[in-house]
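*Asks:* structure for this input, please:
(2 chains)
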Amino acid sequence: MNKELEHSFVAQLEENQNIVHKICRLYTNNSDAHNDLFQEITIQLWRAYPKFRGESKFSTWMYRVALNTAITLYRKSKRSISTQDFEGVSFKISADPYDDTVEQQLKLMYSAVKDLNDIDKALIFLYLEDKNYKEISETLGITEVNARVKMNRIKEKLRTILNP
Amino acid sequence: MDELELLKKQWQSKEQELPKLSFADIYKMLLKKSSSIVKWIFYISIAEIVFWTLLAFLVPESSTKFSDDIGLHNILLGVNILNYLVFGFFIILFYRNYRKISTTDSLKNLMGNILRTRKTVKYFVVYNITTSIMLIVGINIYYFLNQDIVFRFMTEDYGIVNISQERFMKMFFAIQILFGILMIGFVMLFYRLVYGILLRRLSKNYKELEKIEV
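*Replies:* So this is what the prediction gives:
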């Protein structure tokens, strides 16, 4: 196998690993599963890498492969516990460290996002990553209009979960 | 949508406490084996094709001799040739579908391609079960119409004696039917278990995506 290719791949993945970690965190519920999924995404990325010709940014290309793996290819481990691990998620509120209602709100929102189904979660994830509707629709294989409509519905859903 | 905007802001500020893997950690991962659902579907499908192909070869010599004796030689030969042609056709289809599966495709296309691969193998198995049933029924009708010859050959070849033809034929057909039902039941159970587990989540998500497009 080509050492140079391996090296450039690992270096790029190392630099962009946060994207994969965020997906793993959204789609799994414990650190074992998180690591498993990260492993599987790495393998799928590496397999697809020879076809990556740099027409898009490495990170853009990663979204697609990583989400595809999380939603489609990855087999959840048998003992997947559906409890949310809040410990693993911690947001540092830099603006006002004493205001824990904001932190509380964030946690609630995050757990609501985690409770969404796989597809809705993917849409929200891409939204959180500040992807535009064109990118979202291309990643998921739906039209831009439908992506927009669907996103509004999910936001509506989240709103009712948080403010019943 | 304040909370979501808030989450988005935090999300982007990269202040989530995320694990940090080193170059070496990631490098090690390249050497590990994938356990993706596609790989499993691919292996199981290959196993199925091999299984049905072997089954066609594994017909015991004595059984072949028996069918030859009874005058089914040409019909069975024709059925076999046709069968292999269909097998070849399915293998080509299956391989082409599998090649189409690419993680760089859009989510919906990827799922569609996986489900299509699965469907090809499903048709292959349905074809096999159907032809097996038809063959079993057909041959048994033939046996039924030619009971005298069957009984004669059975007693000559296998030394079955001390039993009336009527009783023997009853037992003979009972065994044939029981065996047929057991085999089909087993295959169906296998499918429910294996693919039920593998594909449940995938088809659920695929339906979800289809719903968006309506």
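*Asks:* what's the per-residue pLDDT of A:Tyr127 here?
*Replies:* Residue-level confidence at A:Tyr127 comes out at 94, pLDDT.
*Asks:* where does it sit: helix, strand or coil?
*Replies:* What DSSP: H, G, I helix; E, B strand; the rest coil gives for A:Tyr127 is helix.
*Asks:* contact partners for the residue lying closest to it once chain neighbours are set aside?
*Replies:* Spatially, and ignoring its direct neighbours in sequence, A:Tyr127 is nearest to A:Met151 (6.3 Å; Cβ to Cβ, 6 or more residues apart in numbering or on different chains). C-beta here means a position set from N, CA and C on the backbone, and glycine is covered the same way. Counting by Cβ atoms under 8 Å, 6 or more residues apart in numbering or on different chains, A:Met151 touches A:123-124, A:127, A:133, A:136.
*Asks:* could you look up the next helix or strand downstream of the worst-scoring helix or strand of chain B on mean pLDDT?
*Replies:* In chain B, the helix or strand scored least confidently by mean pLDDT, DSSP states H and E is helix B:61-69, which has a mean of 73. Later in the chain than helix B:61-69, the nearest helix or strand by DSSP states H and E is helix B:73-100.
*Asks:* state the mean pLDDT of the helix or strand following that next one.
*Replies:* Next helix or strand after helix B:73-100 toward the C-terminus (DSSP H and E): helix B:107-145. In this model, helix B:107-145 carries a mean pLDDT of 86.
*Asks:* quick one: is helix B:107-145 near chain A?
*Replies:* Yes - counting by Cβ under 8 Å from any Cβ of the partner chain, chain A has neighbours in helix B:107-145: B:107-111, B:114.
*Asks:* for the residues you listed, which one is nearest B:Lys33?
*Replies:* For the residues of helix B:107-145 next to chain A, the residue nearest B:Lys33 by Cβ to Cβ is B:Ile114; the value is 19.0 Å.
*Asks:* just the element for the spatially most central residue of chain A, please.
*Replies:* Centroid check for chain A by Cα atoms, centre = their mean gives A:Ile23 as the closest residue, at 2.7 Å. According to DSSP H and E, A:Ile23 maps onto helix A:17-27.
*Asks:* and the following helix or strand past that helix, which residues are buried?
*Replies:* Later in the chain than helix A:17-27, the nearest helix or strand by DSSP H and E is helix A:31-48. Going by neighbour count (16 or more other Cβ atoms under 10 Å in any protein chain shown), the buried part of helix A:31-48 is A:33-34, A:36-48.
*Asks:* so which of the contacts of A:Met151 are in helices?
*Replies:* The members of these that map onto helices under DSSP state H are A:123-124, A:127, A:133, A:136.
*Asks:* quick one: the strands in chain A?
*Replies:* Along chain A, no segments are classed as strands by DSSP state E.
*Asks:* contacts only, for B:Met29.
*Replies:* Contacts of B:Met29 by Cβ under 8 Å, 6+ apart are A:38-39, A:42-43.
*Asks:* fine by me, thanks again.
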